[in-house]
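Trainee: need a structure here:
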Amino acid sequence: MGWQSGPLALFDIGGGSLEVAFGRGRLPDYVASLPLGASRLTREFFDGDGPPSERSLKALRRRVRHQLRDVAAQIRWEGPRTTVATSRAFQQPARLCGAAPGRQGPFVPRYLARADLRDCRDTLAALPVDRRAELPGICAPRAAQSLAGAVVGHTVMKLTGGQDAVCLSVGRP
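Mentor: Prediction:
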């Protein structure tokens, strides 16, 4: 992307936290780290290997919205032209939605649309963990936390405004 990307927002959902950065140059102008990691939220909101209850899903979405409120307002105000997601929590749903696999190399353009991520989130929520692992792009070791990652990713895209799609960065093929 380089300098042509303009103002850029970056989202990275890890196991324990969500990292957010925004900038117009080489160094970020704004950074935040929130306790919204996929593994952390999975342990806190989901028990067992079956599909989660609607109550636990609503509680998770409420927590994510609450935690993201101030950060999302800042990103909306900054108005990034490009949004990049750099974590497997975004890459796996993107693969499920048809994005190219990492083995095709880092220069293949990969995007994830918010509407597709919403559908992916709903699909993951309806399945037990072992069935999620059978889906394209969802690896068995991360199948349990894939739903929490999709909830966080979709909420980030929705609350930060205008993020109808994110560009995915693949670190290794």
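Trainee: For stretch 48-59, give me every contacting residue.
Mentor: For stretch 48-59, contacts defined as CB atoms under 8 Å, 6 or more residues apart in numbering pick out 45, 46, 125, 126, 127, 128, 129, 130, 144, 147, 151. To be clear about C-beta, it is placed using only N, CA and C from the backbone, and glycine gets the same treatment.
Trainee: ok, of these, which come out buried?
Mentor: 45, 46, 125, 127, 129, 144, 147, 151 (16 or more other CB atoms under 10 Å).
Trainee: that older thread, out of the contacts of stretch 48-59, which comes closest to residue 9?
Mentor: residue 151 (18.9 Å; CB to CB).
Trainee: check which helix or strand covers the closest one.
Mentor: Assigned by DSSP states H and E, residue 151 belongs to helix 143-159.
Trainee: okay, that helix in CSV with CA atoms only?
Mentor: Included here for helix 143-159 are C-alpha records, laid out as CSV according to Å, rounded to 0.1, in the frame of the first residue of the first chain:
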residue,chain,number,x,y,z
ALA,A,143,-11.9,-23.2,16.2
ALA,A,144,-13.1,-22.5,19.7
GLN,A,145,-12.0,-18.9,19.7
SER,A,146,-13.0,-18.2,16.1
LEU,A,147,-16.5,-17.0,17.1
ALA,A,148,-15.3,-14.5,19.7
GLY,A,149,-12.8,-13.2,17.1
ALA,A,150,-15.6,-12.8,14.5
VAL,A,151,-17.8,-11.0,17.0
VAL,A,152,-14.9,-8.5,17.9
GLY,A,153,-14.0,-8.1,14.2
HIS,A,154,-17.5,-7.4,13.1
THR,A,155,-18.2,-5.0,16.0
VAL,A,156,-14.9,-3.1,15.3
MET,A,157,-15.9,-2.7,11.6
LYS,A,158,-19.4,-1.6,12.5
LEU,A,159,-18.6,0.9,15.3
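Trainee: which parts of that helix are buried?
Mentor: Those would be 143-159, for helix 143-159 by 16+ other CB under 10 Å.
Trainee: Next: stretch 21-37.
Mentor: So, applying 16+ other CB under 10 Å, buried residues of stretch 21-37: 21, 22, 23, 32, 34, 36, 37.
Trainee: of those residues, the lowest pLDDT goes to which?
Mentor: Within those, the minimum per-residue pLDDT falls on residue 23 (88).
Trainee: and the spatially most central residue of the chain, what is it in contact with?
Mentor: Geometric centre of the chain, nearest residue: residue 153, 2.8 Å, by CA atoms, centre = their mean. Residues near residue 153 by CB under 8 Å, 6+ apart: 11, 13, 85, 89, 90, 93, 112, 117.
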